[in-house]
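Asks: coords please:
(3 chains)
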Amino acid sequence: MGRSPCCEKAHTNKGAWTKEEDDRLIAYIRAHGEGCWRSLPKAAGLLRCGKSCRLRWINYLRPDLKRGNFTEEEDELIIKLHSLLGNKWSLIAGRLPGRTDNEIKNYWNTHIRRKLLTRGIDPTTHRALNEAAQDSATTTISFAASANIKEEDQKSSIINGLLGKDSKKPVQERCPDLNLELQISPPCQPQQPSEPLKSGGRGVCFSCSLGLQDAKNCSCGIDTIGSSTTSGTTNVGYDFLGLKSGVLDYRSLEMK
DNA sequence: AATCCTGACAACCGCCATCCG
DNA sequence: CCGGATGGCGGTTGTCAGGAT
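Replies: As a prediction, the model looks like this:
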């Protein structure tokens, strides 16, 4: 069946925006605000698709955009948020004032991916590359593949908190005084005894990967803080979300 | 100087979720 | 409740600038 096109493509411009088009769009939104994107182009005298106008405004023309290079702090925050949220660029952008989802997505694909790869970290799984390679043959702590229902619930709790959704289990709404550190503390998953304990080549329990568990007291045995890099191999564990180092307090991650 | 290659980023496309009559 | 309209999102592509050859 398929949907009707969002606009009359035959009569719309495509490609790069001209200065005049930008000016028209800015002037219109300043005068009328962000209203109905579908009717905006016609009202503003633009031969553009409404979606195109929205994208141009959101990603480029909005006055509150920061632009310019990402700072080291922003880099690390993006990495941490991505390790929790995955490719939820709009959610990640929500934690970086003045940055857009498109900008972060592009920055991730062009800079951070490479940065993580040079650290020996798989940018998709946020785990050591050689460990990620083993995953095809071994059981992992992957959220998606997890057979551990509690882990799924815990992740959902975190994500729902970030989304600010009216979840059926609105943890923060229902239990405002609940100590979330307890709420999301997962059970420690000891390593398989037969698994050889070689550097960078083993899994980490979910607690340690989140930085919630003091690895020294955990049977997985990985020290997530101060992960050492030896002979080019980066330790898998790092301070996930800054929960241990205090860089980021996950309890402040709710969305508006 | 010319050509090719690569990286960066703006913009587009298609799908999904939500809204609303 | 249903279906169309719309907004929003993530993946992908196109274009251009700068560096390498």
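Asks: please count neighbours and contacts with C-alpha atoms only from this point.
Replies: Will do.
Asks: close to DNA strand C: what parts of the stretch 51-200 of chain A are there?
Replies: Contact residues, the stretch 51-200 of chain A versus DNA strand C (Cα under 7 Å from any atom of the strand): A:K51, A:R54, A:N87, A:K88, A:W89, A:S90, A:L91, A:D101, A:N102, A:N106.
Asks: of those residues, list those near DNA strand B.
Replies: Contacts with DNA strand B within these, counted by Cα under 7 Å from any atom of the strand: A:N102, A:N106.
Asks: quick one: buried ones out of the residues of the stretch 51-200 of chain A next to DNA strand C?
Replies: A:R54, A:W89, A:L91, A:D101, A:N102 (16 or more other Cα atoms under 10 Å).
Asks: by proximity to DNA strand C, which residue of the stretch 51-200 of chain A wins?
Replies: A:K88 (2.9 Å; Cα to the nearest atom of the strand).
Asks: ok, for that residue, nearest residue in space, not its chain neighbours?
Replies: Closest residue in space to A:K88, ignoring its immediate chain neighbours: A:H82 at 7.5 Å, by Cα to Cα, 6 or more residues apart in numbering.
Asks: what sits against the residue in chain A that DNA strand B sits nearest to?
Replies: Of chain A, the residue with the smallest distance to DNA strand B, taken as Cα to the nearest atom of the strand, is A:K14 at 3.3 Å. A:K14 sits next to A:R48 when contact means Cα atoms under 8 Å, 6 or more residues apart in numbering.
Asks: roughly how far apart are it and A:H32?
Replies: Using Cα to Cα, to the nearest Å, A:K14 is found at 24 Å from A:H32.
Asks: the residues of the stretch 51-200 of chain A next to DNA strand C in helices, which ones?
Replies: Judged by DSSP state H, helices contain the following of those: A:K51, A:R54, A:W89, A:S90, A:L91, A:D101, A:N102, A:N106.
Asks: still on that earlier bit, dihedrals phi and psi, the residue of the stretch 51-200 of chain A closest to DNA strand C?
Replies: A:K88 has phi and psi values of phi -90, psi 80 when expressed as degrees, to the nearest 10.
Asks: so what's it scoring on pLDDT?
Replies: Note on A:K88: pLDDT of 89.
Asks: A:P5 now?
Replies: If you check A:P5, the pLDDT there is 48.
Asks: same deal with A:T100?
Replies: So, for A:T100, pLDDT stands at 90.
Asks: count the residues that sit near it.
Replies: Using other Cα atoms under 10 Å, A:T100 has 23 other residues around it.
Asks: correct me if wrong: it contacts A:K88.
Replies: No. Using Cα atoms under 8 Å as the test, A:T100 is too far from A:K88 to be in contact (11.8 Å).
Asks: how close does the residue nearest to A:S83 when sequence neighbours are not counted sit to A:H82?
Replies: Once flanking residues are discounted, A:S83 sits nearest to A:H126: 6.0 Å by Cα to Cα, 6+ apart. A:H126 sits 9 Å away from A:H82, going by Cα to Cα.
Asks: poorly predicted segments of the stretch 101-250 of chain A, please.
Replies: Along the stretch 101-250 of chain A, the model assigns pLDDT under 70 to residues A:131-250.
Asks: noted, bye for now.
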